[in-house]
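1. Fold the following for me, if possible:
(one chain, ligands or ions: 1)
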Amino acid sequence: MRLLVVEDDADLNRQLTTALQEAGYAVDTALDGEEGHFLGDTEPYDAVVLDIGLPKMDGLSVLESWRREGRSMPVLILTARDRWSDKVAGIDAGADDYVAKPFHMEEVLARVRALVRRAAGHASNELTCGPVRLDLRAGRVTLDGHPVKLTSHEYRLLSYLLHHQGKVISRTELTEHLYEQDFDRDSNTVEVFVGRLRKKIGPDMIETIRGLGYRLGAERDG
Ligand code: CA
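-> Predicted structure coming up:
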């Protein structure tokens, strides 16, 4: 899962980014509205954390522009404390949720988790497929009840496949949702991570659909 954080306070931006990375997301960042708008317009994010008060282009304008252009990713806005009008304006502009500053990081993490899983059609924080279970809140994976240790890239890959289980996911889509913008994608191909993940959760969990991509938890038809 890949996120965008748009926040002009450099310290807060770093805190958010670090916390979200530690929670298992690939995170791109922008420090002003123009850059944030551009990234959200051109890259496929699973959710965006968007500050309202931003230089160059304010958060509401960024959001309105994305929605006008048909960008439908979930957006969590950061609003000033006690500015109820910001919350109303933000939600009317297309935000899915808000957190008022100052906030506890755990609240942002919980709301982002909920937005990402809801967008993929999941109501629960536990995603399961056969013997594989992912607890999104704890970031823990088990196989038949036994803990499985995954690297951050393996975790992102499994999480994406579990969020979209039963669907065929192309390598391009996986690449776009697993890596940060400036990541060296060539030497860390999706195929390598799929291979490593298969060794950890069993060779048959992830099916290769020739020419199309991968599928987790498919219904076998003969
Ligand atoms: Ca700000």
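2. Contacts only, for the closest residue to the ion within the chain.
-> Nearest to the ion in the chain, going by CB to the ion, is Gly53, at a distance of 3.7 Å. C-beta: built from backbone N, CA, C; applies to glycine. By CB atoms under 8 Å, 6 or more residues apart in numbering, Gly53 lies in contact with Asp8, Gly59, Ala80.
3. confidence score at it?
-> Listed pLDDT for Gly53 reads 95.
4. Next, give phi and psi for it.
-> phi -90, psi 100 (degrees, to the nearest 10).
5. re earlier: least confident pick among the contacts of Gly53?
-> Ala80 (84).
6. give me every residue that touches that one.
-> Ile52, Gly53, Asp86, Ala100, Lys101.
7. where's the closest residue to Gly33 other than its chain neighbours, which helix or strand?
-> With CB to CB, 6 or more residues apart in numbering as the criterion, Gly33 has its nearest non-adjacent residue at 3.0 Å, and that residue is Met57. Using DSSP states H and E, Met57 falls within no helix or strand.
8. Distance from the helix or strand that contains Leu63 to the middle of the chain?
-> Assigned by DSSP H and E, Leu63 belongs to helix 59-68. Centroid separation for helix 59-68 versus its chain: 19 Å, with CA atoms, centre = their mean, to the nearest Å.
9. how is the chain carved up into domains?
-> According to automatic domain parsing, the chain comprises the domains 2-119, 126-216.
10. Sounds good, over and out.
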